[in-house]
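Student: Could you work out the structure for the sequence below:
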Amino acid sequence: MQEVNSPESRELLWKLIKDMRFAMFTTRHSNGHLHARPMTTQNKALDENASLWFFMSRSNGPVDDIEADPTVAVIYADPGADSYVSVSGTARVREDAAKKHELWNKMTEAWFPNGPDDPDVALVEVEIIHANYWDVKESKLVQLLHMAKAVVTGDPPTNMGEHGEIRMR
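Tutor: Prediction:
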């Protein structure tokens with residue numbers, strides 16, 4: 001496990017998620033059910049606070065969920081690269097016009113055509129508590145060979161990539 005919130009931890013986590021622009025953002029609804037929605041990470045890098053940033057509509061539910069229970073999960077997946085990251089954190093709506101303008105881009109404008117000053121646009125910060133990752137470097141053929149060996153020997157496959165946990169708080 002990496003040192004808590006070290007520059008190396010932030011660098012490793014960002015390296016894993018930086019090219020996965022979309023994530024499933026999971027909140028707990030007032031009825032107790034978990035709700036996951038696709039969201040776009042707005043960060044250009046992971047800052048010293050180890051936060052992820054998202055834009056959301058105030059009228060579509062996730063903001064209400066966050067205000068009732070700020071514990072969230074953000075799940076990234078790149079099946080083609082066999083890379084997966086699960087982030088757990090605490091979310092909050094930030095009333096920060098300068099940060100909204102800093103993170104605003106043309107893709108965001110597709111969802112929010114009235115711009116960053118639209119009252120419906122909520123800026124949400126997720127302070128990362130910890131993340132788990134699975135990163136497989138072996139080719140599909142090598143993975144299949146490991147699984148075939150496991151079937152023959154009855155032992156679970158080994159050397160199937162790297163798994164780790166990164167603690168930020």
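Student: for this structure, what helix or strand is lowest in average pLDDT?
Tutor: Within the chain, no helix or strand scores below helix 140-153, which has a mean of 52 by mean pLDDT, DSSP states H and E.
Student: which of the residues in the lengthiest strand in the chain are buried?
Tutor: Identified as the longest strand of the chain according to DSSP state E is strand 121-135. By neighbour count on 16 or more other C-beta atoms under 10 Å, the buried set for strand 121-135 is 121-128, 130-131, 133-135. All C-beta spots, glycine's among them, are computed from the backbone N, C-alpha and C.
Student: what's the closest of those to residue 167?
Tutor: Within those, the smallest distance to residue 167 is 4.8 Å, found for residue 130 (C-beta to C-beta).
Student: Can you get me a residue count around residue 80?
Tutor: Residues lying near residue 80 (other C-beta atoms under 10 Å) number 6.
Student: Next one: it from residue 132, what distance?
Tutor: 20 Å (C-beta to C-beta, to the nearest Å).
Student: same deal with residue 14?
Tutor: In terms of C-beta to C-beta, residue 14 sits 15 Å off from residue 132.
Student: And residue 53, by the same measure?
Tutor: 21 Å.
Student: Can you name the residues bridging to the closest residue to residue 133 other than its chain neighbours?
Tutor: The shortest distance from residue 133 to any non-neighbouring residue, by C-beta to C-beta, 6 or more residues apart in numbering, is to residue 85 (4.7 Å). Counting by DSSP bridges, residue 85 is bridged to residue 76, residue 133.
Student: Provide a list of residues in contact with residue 85.
Tutor: Applying C-beta atoms under 8 Å, 6 or more residues apart in numbering, one finds that residue 85 lies in contact with 13, 16, 17, 20, 75, 76, 77, 131, 132, 133, 134.
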